[in-house]
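> The following comprises the amino acid sequence and a computationally predicted model.
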Number of protein chains: 2
Amino acid sequence: MARYRSGLETRQRILEATRALLGEVGLEGTTLKAICDRAGVGAGSFYNLFASKEEAVLTVVRAAIEAVDVGHDSDARRRETVESLVDAYLGFVTSEPTLARIYLQAAVAWGLSDPGLAARFARHQAQRVERVTAALLRERPELSSEDARVRAELLLSALNGLTVNWMLDPRVDLPTHRRRLLALVGVGGAVPSG
Amino acid sequence: MARYRSGLETRQRILEATRALLGEVGLEGTTLKAICDRAGVGAGSFYNLFASKEEAVLTVVRAAIEAVDVGHDSDARRRETVESLVDAYLGFVTSEPTLARIYLQAAVAWGLSDPGLAARFARHQAQRVERVTAALLRERPELSSEDARVRAELLLSALNGLTVNWMLDPRVDLPTHRRRLLALVGVGGAVPSG
DNA sequence: CGCGAACTGGAGTGTATGCTAAATTTTGAG
DNA sequence: CTCAAAATTTAGCATACACTCCAGTTCGCG
């Protein structure tokens, strides 16, 4: 394992190379040789720090998952709004498209095959739903909790879908959809007309 | 290429094996050997009918893309409703999860890497948006066309996102979301309360 | 039938991959 | 300074992959 400073730095370089490659050429192109070349490291060094290539990739993916729900201690959470949550998500997607891409890729390409990973993603999604539901109930106390939960699930699903569409076609107008989405869920701007 | 009946049958068997494997073990596990074993065919036969493994896989993916928007001649299209379109999509997803999965997998795993494929998916998505927009305008003529288009895009994005969530966690309640989604877009059932 | 073209299976090829072994250098606590 | 552990490089191994070659078989038109 890494105990000296040099080893830790190398470990970091490897993870950064892995992350960059996953975002640029996808999982398929992220070979061990590519990682080592990019990190400026021999294969032996890699295996001195990681048990397998999969470990490095999963480390990156895990970080991507965490990064989706950045920040907010439990105190600030009680003040966060649906709008701020949506903005945090969209801000992450647009400012870190590489990580967002890795997340989606992992969810669809692996999550659908590996039950363990699927469970991890599902759990993560459930936590996000809880967070949005809580915010929604704070802003619109008249909603039943089931109603709020369904709306939260829809909101998050739509955000995920929009992200995919945006990545396939950057002309997708995220700000407009953001506004529309908040209105349709019944928060923030004008109430939907019908 | 295939000219005899036998060759055409073999070709069909190969495509079916490819489709099944893509749905079961993903792109990663869909090797040439796996395809040939499953189809009961030698590698030579495969390459007598397909120029490459990629050709077979892309043929299957193309079919999956087409299958998402099944049926409806141009006459029936003028009578289709938002609800019928949503139901057609959800019906396809739940009755042919394998194909739906291939579609999503291809869109995310390849579409994000291969610009050509991304363009194909984007074009396909644009056509779907047009179709839903037209239906929405028919049902609610008071909407502006921009408004209808944005709602259609959101509806489709949410459907895609819901599909992903449902595949990761089958407990996702599609019928409820379907009803909610139609209401939120402003069609079908009760108008949203706020 | 006859015959050329299509089809078939399976061994074989080259290559890229993930990973290892061993020899060497670097690190840093005592 | 010493020295054992950690870090690093390099060469190479085993495997799996997409794909080719080729000898033999089947097809179906004339």
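Received, thanks.
> what's the weakest-modelled helix or strand in chain A?
Of all the helices and strands that make up chain A, the one with the lowest confidence by mean pLDDT, DSSP states H and E is helix A:74-77; it has a mean of 78.
> Name the next helix or strand downstream of it, please.
Helices and strands here follow DSSP states H and E; after helix A:74-77, the next one along the chain is helix A:82-95.
> Relative to B:Arg79, how far out is the residue nearest to the spatial centre of chain A?
Geometric centre of chain A, nearest residue: A:Val68, 3.6 Å, by C-alpha atoms, centre = their mean. Taking C-beta to C-beta, to the nearest Å as the criterion, A:Val68 is separated from B:Arg79 by 42 Å. In this view, the C-beta of every residue, glycine as well, is placed from N, C-alpha and C.
> before we move on, what about A:Ser52?
The gap separating A:Ser52 from B:Arg79 is 56 Å, by C-beta to C-beta.
> cool, A:Leu181 as well?
Computed as C-beta to C-beta, the A:Leu181 to B:Arg79 distance reads 29 Å.
> out of those two, which sits in the more crowded spot?
Here A:Leu181 and B:Arg79 are set side by side on neighbour count (other C-beta atoms under 10 Å in any protein chain shown), and the busier one is A:Leu181, at 25 against 10.
> tell me which element the more buried one is part of?
Take DSSP H and E as the rule and A:Leu181 turns out to sit in helix A:174-185.
> Stretch A:157-166 near chain B anywhere?
Yes: residues of stretch A:157-166 contacting chain B under C-beta under 8 Å from any C-beta of the partner chain: A:Ser157, A:Ala158, A:Leu159, A:Asn160, A:Gly161, A:Leu162, A:Val164, A:Asn165.
> Report the mean confidence score over that stretch.
Here the mean pLDDT over stretch A:157-166 is 93, rounded to a whole number.
> how far is that stretch from where the chain is centred?
Relative to the mean C-alpha coordinate of its chain, stretch A:157-166 is positioned 12 Å out (C-alpha atoms, centre = their mean, to the nearest Å).
> outside of it, which residues touch it?
A:86, A:89-90, A:93, A:100, A:104, A:172, A:174, A:177, A:181, B:107-108, B:122, B:125, B:153-154, B:156-162, B:164-165, B:177 (C-beta atoms under 8 Å, 6 or more residues apart in numbering or on different chains).
> Kindly provide the distance from A:Phe46 to DNA strand C.
Noted for A:Phe46: a distance of 7 Å to DNA strand C, by C-beta to the nearest atom of the strand, to the nearest Å.
> what's the burial count for that residue?
Using other C-beta under 10 Å as the criterion, A:Phe46 is surrounded by 21 other residues.
> any idea how far B:Asp147 is from it?
Counting by C-beta to C-beta, the gap between A:Phe46 and B:Asp147 amounts to 54 Å.
> Give me every residue in chain A lying close to DNA strand C.
Contact residues of chain A with respect to DNA strand C, defined by C-beta under 7 Å from any atom of the strand, are listed as A:4-6, A:30-34, A:43-44, A:46-47, A:52-54.
> Could you tell me which of these belong to strands?
Counting by DSSP state E, the residues of chain A next to DNA strand C place none of their members in strands.
> Nearest to chain B, out of those residues: which one, please.
For the residues of chain A next to DNA strand C, the closest approach to chain B (C-beta to the nearest C-beta) belongs to A:Thr30, at 11.1 Å.
> okay, now that closest one: neighbour count?
The criterion is other C-beta under 10 Å. On that basis, A:Thr30 has 23 neighbouring residues.
> do the one 10 residues further on as well
Burial of A:Gly40, expressed as a neighbour count using other C-beta under 10 Å, amounts to 11.
> That one - nearest residue in space that isn't next to it in sequence?
A:Arg13 (7.0 Å; C-beta to C-beta, 6 or more residues apart in numbering or on different chains).
> Who are the contact partners of the one you found?
So A:Arg13 contacts A:Ala39, A:Gly40, A:Val41 (C-beta under 8 Å, 6+ apart).
> near DNA strand D, from these?
Counting by C-beta under 7 Å from any atom of the strand, A:Gly40, A:Val41 from the contacts of A:Arg13 sit close to DNA strand D.
> Dump the contacts of A:Arg13 to a markdown table, plus pLDDT and secondary structure.
Shown next, in a markdown table, are the contacts of A:Arg13 (pLDDT from 0 to 100; DSSP: H, G, I helix; E, B strand; the rest coil):
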| residue | pLDDT | secondary structure |
| --- | --- | --- |
| A:Ala39 | 97 | helix |
| A:Gly40 | 96 | coil |
| A:Val41 | 97 | coil |
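> now the contacts of A:Arg13 as JSON lines including distance to A:Ala63?
What follows is the contacts of A:Arg13, written out as JSON lines (distance: C-beta to C-beta, whole Å):
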{"residue": "A:Ala39", "distance to A:Ala63": "16"}
{"residue": "A:Gly40", "distance to A:Ala63": "21"}
{"residue": "A:Val41", "distance to A:Ala63": "19"}
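> Which one of the contacts of A:Arg13 is nearest to B:Leu112?
Nearest to B:Leu112 among the contacts of A:Arg13, counting by C-beta to C-beta, is A:Ala39 at 23.1 Å.
> What's the local residue count around that closest one?
A count of nearby residues for A:Ala39, using other C-beta under 10 Å, gives 22.
> secondary structure class for the closest residue to it other than its chain neighbours?
Taking C-beta to C-beta, 6+ apart, and ignoring the residues beside it in sequence, A:Ala39 has A:Ala17 as its nearest neighbour in space, at 4.0 Å. When the structure is split into helix, strand and coil by DSSP: H, G, I helix; E, B strand; the rest coil, A:Ala17 lands in helix.
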